[in-house]
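> One predicted model, sequence on top.
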Amino acid sequence: MPVPKNPSAALDVAHLTAGWSTRRAAVLDDVSLTIPDAGVHRLAGANGAGKSTLIECGSGYLVPWSGTVTVSGRDAAAPEARALRRTCRTTPALYPVLTVAEHLEVAATARGAALGPVHERAERYRLTPWLDREARELSTGNCRKLWFVLCTLGSFTLALLDEPFNGLDDEARTLMCEEIAQWSSDRAVVVVAHEPPPQLRVASEIAIKGHPIVATHPLRDAATMGSVC
Amino acid sequence: MTSTLRPVALRWPEAERAATLRLRGLERSAPFRPMVRPSTFRVLRTLLITACGLLGSLVLGVAAAWAGGQLQPSLVVLMVAGLDVVAFGVLLRRAASRPSLNRVTDPPDAGLLRALDMHAPTRFLVLVARPAALAHGVILALDGIVLVGSGAIATAPWALVVLVLPVTSAVIIIALAARRCSRRRTPARGPVAQLVIAGTAFAVGLVIGRVADLLVGTGPDRAPEPSTIRAGILVLTGVMVLVAGTLAGVGGHHFGRLVDLDRHDPKPAASRRGPHQREYERMGAMVTRSPLASSVVGWWRAVLQLAALGAGAVVGGVHLPAAVRGTIGPLLAGYAFVSVLVASGIVFSIAGPSAMADRLRFQWENSELSAGRLAARALEYPLSVVVGPASLLAAAQSALTGRVTLRILALGLSLVGAAVLAESALPVTAHADGTITHHPLAAWVVLLASLPAAVIPAGVVGAVLSTLYGLSILGAGHRCLSRRILRLPSTSPI
């Protein structure tokens, strides 16, 4: 088994240059940053700055042009990193003809999680009345709630959340912020959010500025930052 | 935190496998949900499969016991080996089909699978390797029932060798499927590749025919000896073991590369192909995206390969009874006519000249190529799908029947030409996805225009006449298409 690099960091990005096609300019150019193993860290920046690209590099999906991305010291693309990381992408990708309950069942099986607590979590998000409904019948908000629950099941050390609050009502946003705060006590949560809810307490903000060059800022002290909004 | 997560990481592949299997089960039961619950569906399905298995085993056991009393043990073993080879061909075809592999390479629910970390290697194991292994397990069990039920094992213990065949067959199929999956962007097979495949099938048939002639003797007055059957089966098993052993390594290598399917590589694949070849491949990709077109073209090619294999065997020394020879000719011609008719309709609606009309006009405006040259290029793909295999099938038919015939080729040529004529003469409806729907009368025009090629009497003169007719129709179609390129209103932004 390879020796983990910088295992104390939940996400370690070193001299990362990445983009979606080498025929075009890189979206991220020589980016380096370190996310510690606990706390909420917000990625901020204009549209097209490269926040989602960074998330996809962290998820192991996008192959870097150069540089390294590690999750708890393991290469982000390595199979061992999967159990440590959860990625909740912007657009829900539910299976239209499967019901909510079936989605939860498959996700719980995939993450090795017990189904009981998964259903309890779904109940907190008020998904219980929709358990027997197919995904294609769900409203936008319910789709997003189900997607968030599916993508963040089981044990992990790092959660990468790309615009998780879009399309949610206040109650769901509050609940989501509470869950994120709870996770952040012993694991890292990276959130991409243009307009994060006031309840979200961030430990640090990482500003990604402009295409194609990215400037990364050292983590700022949560005490001086306060809440982002 | 890390220490508490270690057990999760260790059991990860098992969880991934179980989830993929569960998702597959739910997908399967989803259409029946209004009638039965998924759990009930699962139970009913299991019960049905078990009942069918038991009933089938019982019937097979009785039939084997009857056959054991009627036939020599070596003949029973030969039949089992023959059926194993046929099953191998069918399962290989099924496992290597694009819709089956697409579930691994380009699944419709890719976003969900990626979110839940259900990766391509696991999908391959669950959706391709597992069904193949199960199917071969069933074949192995059926082989065992026949060998035991007929008493062949008791009188000829060497018959156990035949049980190796399903195992090697499973290894070969899984290895080839892994190779095909890892090379997701395999380009459409060009005419040369089709020729090579048909040539290989012919060569394999030739070897089989020679070996069969030498070992068994297939002449009308020669009956196979038990010792030669045994030698033949031992040789066949040895070859299968050798091939499976070689392909196991290849399959393992390609299985290891399946992880790349779940990653986005921003580097464009290096291509040594020219723009013309890429255009051909693009057309092929458009056609193979349609499950129906993929299936029709796939079966058309499968029949061609089978015919080439049979032709090779006949040339190699296998003697077909006169009744079989008399049936093969009309059977192949009829199959070819219907298949070419359907295939050309589908291909023309997706990548035919009308579907490509705007693009052809744009190319004419922005290149040095003449309208005639562009029309010829536009016909290249439909011709390679239809006429290439048709000419090879005609050659195979000639070898199988012992009579030179070009009817299938003439039919192919005239069908493509008639389809172009019909497209030119009748309006088509264009759709947003780039495909077109032909006019309802188009099928009649195609049938009527290609009819003479089908009714010209057989024989050398008939073959020449029908081929000339096919070429004339094709030439007329080409001429119409060239004029159409020149007269099409320009939609180019330039």
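On my side now, so go ahead.

> Tell me if the helix or strand hosting A:Ala122 is near chain B.
If you go by DSSP states H and E, A:Ala122 is part of helix A:115-124. No: Helix A:115-124 stays out of contact with chain B when judged by Cβ under 8 Å from any Cβ of the partner chain, the minimum separation being 11.4 Å. All C-beta atoms are positioned from the backbone trio N, CA, C, and that covers glycine.

> buried ones in that helix?
Neighbour counts over helix A:115-124 (16 or more other Cβ atoms under 10 Å in any protein chain shown) mark A:Val118, A:His119, A:Arg121, A:Ala122, A:Arg124 as buried.

> Now do the contacts for the last one.
In this case it means A:Arg124. Counting by Cβ atoms under 8 Å, 6 or more residues apart in numbering or on different chains, A:Arg124 touches A:Leu175.

> Look at it and report its pLDDT.
On the pLDDT scale, A:Arg124 is placed at 94.

> residues near A:Ala25, how many?
The tally of other residues near A:Ala25 (other Cβ atoms under 10 Å in any protein chain shown) stands at 11.

> er, A:Ala93 actually
Applying other Cβ under 10 Å, we find 18 residues neighbouring A:Ala93.

> Could you report the separation of B:Ala463 from B:Arg103?
As judged by Cβ to Cβ, to the nearest Å, B:Ala463 and B:Arg103 stand 45 Å apart.

> These two: which is more packed in?
B:Ala463 (21 against 18).

> The more buried one: what's it in contact with?
B:Val404, B:Thr405, B:Leu406, B:Arg407, B:Ala410.

> could you redo the last one with a cut-off of 10 Å?
By Cβ atoms under 10 Å, 6 or more residues apart in numbering or on different chains, the contact list for B:Ala463 reads B:Ala394, B:Ser398, B:Arg403, B:Val404, B:Thr405, B:Leu406, B:Arg407, B:Leu409, B:Ala410, B:Ile456, B:Pro457.

> And for whichever residue of chain B sits closest to chain A, nearest residue in space, chain neighbours not counted?
Of all residues in chain B, B:Gly111 sits closest to chain A, at 2.3 Å by Cβ to the nearest Cβ. Nearest non-adjacent residue to B:Gly111, counting by Cβ to Cβ, 6 or more residues apart in numbering or on different chains: A:Ala93, 2.3 Å away.

> Can you list the buried residues in the longest helix anywhere in chain A?
With DSSP state H setting the assignment, residue counts place helix A:170-183 as the longest helix in chain A. Residues A:Ala172, A:Arg173, A:Leu175, A:Met176, A:Cys177, A:Glu179, A:Ile180, A:Trp183 are the ones in helix A:170-183 that count as buried (16+ other Cβ under 10 Å).

> so the third one sits right up against A:Lys145, yeah?
It stands for A:Leu175. Yes: between A:Leu175 and A:Lys145 there is a contact under Cβ atoms under 10 Å: 8.9 Å.

> joint contacts of these two?
Joint contacts of A:Leu175 and A:Lys145 (Cβ under 10 Å, 6+ apart) are A:Arg124, A:Tyr125, A:Arg126, A:Leu168, A:Asp169.

> how many neighbours does A:Pro96 have?
12.

> any idea whether it is helix, strand or coil?
Under DSSP: H, G, I helix; E, B strand; the rest coil, A:Pro96 falls in the coil class.

> Now the phi/psi pair for it, please.
A:Pro96 adopts backbone torsions of phi -60, psi -40, taken as degrees, to the nearest 10.

> Now do the contacts for the residue lying closest to it once chain neighbours are set aside.
Nearest residue to A:Pro96, sequence neighbours excluded (Cβ to Cβ, 6+ apart): A:Arg136, at 3.9 Å. Applying Cβ under 10 Å, 6+ apart to A:Arg136 gives the contacts A:Leu94, A:Tyr95, A:Pro96, A:Val97, A:Leu98, A:Cys143.

> Quick check: chain neighbours aside, which residue is closest to the residue nearest in space to the middle of chain B?
The residue lying closest to the centre of chain B (Cα atoms, centre = their mean) is B:Gly298, at 3.9 Å. Distance criterion Cβ to Cβ, 6+ apart; nearest residue to B:Gly298, sequence neighbours excluded, is B:Ser97 at 6.1 Å.

> Pull the number of nearby residues for the one you found.
Neighbour tally, B:Ser97, other Cβ under 10 Å: 18.

> Quick check: it vs B:Cys181, distance?
Where B:Cys181 is concerned, B:Ser97 sits at a distance of 12 Å (Cβ to Cβ).

> Can you tell me which residues in the stretch 151-300 of chain B are near chain A?
By the rule Cβ under 10 Å from any Cβ of the partner chain, the part of the stretch 151-300 of chain B lying against chain A is B:Val259, B:Asp260, B:Asp262, B:Arg263, B:His264, B:Asp265, B:Pro266, B:Lys267, B:Pro268.

> I'd say the third one and B:Arg114 touch.
It stands for B:Asp262. Yes: here B:Asp262 reaches B:Arg114: they are 6.6 Å apart, a contact under Cβ under 10 Å.

> which residues do those two both contact?
Common neighbours of B:Asp262 and B:Arg114 (Cβ under 10 Å, 6+ apart) are A:Gly60, A:Tyr61.

> the longest helix in chain B is where?
Under DSSP H, chain B gives helix B:38-70 as its longest helix.

> and after that one, which helix or strand comes next?
helix B:73-95.

> and that following helix with helix B:38-70, angle?
If you take axes from the mean of the first three to the mean of the last three Cα atoms, to 10 degrees, helix B:73-95 sits at 150 degrees to helix B:38-70.
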